[in-house]
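Q: Predicted model and sequence follow; I will ask about them next.
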Amino acid sequence: MPHREHAPAGAPCWADLWTSDVAGSRRFYSDLFGWEAAEPSEEFGGYFMFLRDGAPVAGGMGPMGDMPAGNVWTVYLAAPDIATAAKTAEGAGASLYMPPEPVADLGIQVQMADPKGATVGAWQEGTFPGFTVLDEPGAPSWCELHTRDFAGALGFYRTVFGWETQLVGDTDEFRYAVVLAEAGSDEQVAGIMDGSQWLPEGVDAVWSIYFRVDDVGAEADRVVALGGSVVDPPVETPYGVLATVADPAGAVFKLRSLPERSPSPPAG
């Protein structure tokens, strides 16, 4: 599904970068993906858009006042009723970083830590639906949650975001579920993985975003040439070639090239 007008409820609909090096990050991602970094908006505290062929593909933000930037990518899930989602999330064990906050007429946002500490955003669209291009080079390709509490996370996101899920693996080596656009659909919009065996020490859960590229090995080399680093080198999987990389400021993201036929999620 390369193009869409609106994200299904509960699906990833946006991602933004919170960086300590705004100028460097604007150069890095523009050079890496061919994005255009739009001018920061004074109205929105210096927030800016990355554009791909003129269409918003991601956002960016520097330090907020006295709060230093975490150098992280944040994934946002579509929430048609964000006030109810926020209240339900708190009742289910999440911690809100802020109450739901309107962003002019663009929409309403909230960020939270899920019960295992993974930062995730929610977005109720107004005039801005989020990214509308998927699975094209330089565009988002997949988002997934890695967690040590697979069953608990499934319950939380089903309750808060109305996820319909399908289990695709249930062994200690590979426990994974995909999120469906709606009940009975075969459209997969996100994934959730039991990451107990490989999450870093001290990390209980984390959301990741994959960006589509044609050649993961070449792009991973470009990441390094541009001052970033390779966290996990390219590996060939049934879901495409995958790699985990970090930008020069340390924000981690993933690269993915699609297989000839993509049977299901990247799961990496």
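A: Here it is on my side, so go on.
Q: Give me the below-cutoff pLDDT ranges for the protein.
A: For the chain, the stretches with pLDDT under 70 are 1, 261-268.
Q: mind redoing it with 90?
A: Segments of the chain classed as low confidence (criterion: pLDDT under 90) are 1-3, 64-67, 173, 183-184, 198, 238-239, 259-268.
Q: Now do the helices in it.
A: Listed in chain order, the helices of the chain (DSSP state H) span 22-33, 82-91, 150-161, 216-225.
Q: CA-only coordinates of the second one in CSV, if you can.
A: The C-alpha trace of helix 82-91 is given here as CSV (Å, rounded to 0.1, in the frame of the first residue of the first chain):
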residue,chain,number,x,y,z
ILE,A,82,-7.3,10.8,21.4
ALA,A,83,-8.9,12.0,24.7
THR,A,84,-10.4,8.6,25.3
ALA,A,85,-7.2,6.9,24.2
ALA,A,86,-5.1,8.9,26.6
LYS,A,87,-7.5,8.3,29.5
THR,A,88,-7.6,4.6,28.7
ALA,A,89,-3.8,4.4,28.4
GLU,A,90,-3.4,5.9,31.9
GLY,A,91,-5.9,3.4,33.3
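Q: And it, what does it pack against?
A: In terms of contacts (3 or more CB pairs under 8 Å, 6 or more residues apart in numbering; DSSP states H and E), helix 82-91 is packed against strand 95-96, strand 107-113, strand 119-125, helix 150-161. (C-beta placed from N, C-alpha, C; glycine too.)
Q: can you give me the angle the last one makes with helix 82-91?
A: Okay, so that is helix 150-161. 150 degrees (axes from the mean of the first three to the mean of the last three CA atoms, to 10 degrees).
Q: let's have the chain start at 38 instead
A: Will do, 38 is the new start, and the previous item becomes helix 187-198.
Q: List the buried residues of helix 187-198.
A: Neighbour counts over helix 187-198 (16 or more other CB atoms under 10 Å) mark 187, 189, 190, 191, 193, 194, 197, 198 as buried.
Q: Contacts for it next, please.
A: With CB atoms under 8 Å, 6 or more residues apart in numbering as the test, helix 187-198 has contacts from 46-47, 114, 116, 122, 125-126, 129-131, 151-153, 159, 182, 184, 200-202, 212, 214, 216, 229-231, 233, 242.
Q: so residue 205 touches residue 214, yeah?
A: Yes. Contact criterion CB atoms under 8 Å: residue 205 and residue 214 qualify, at 6.5 Å.
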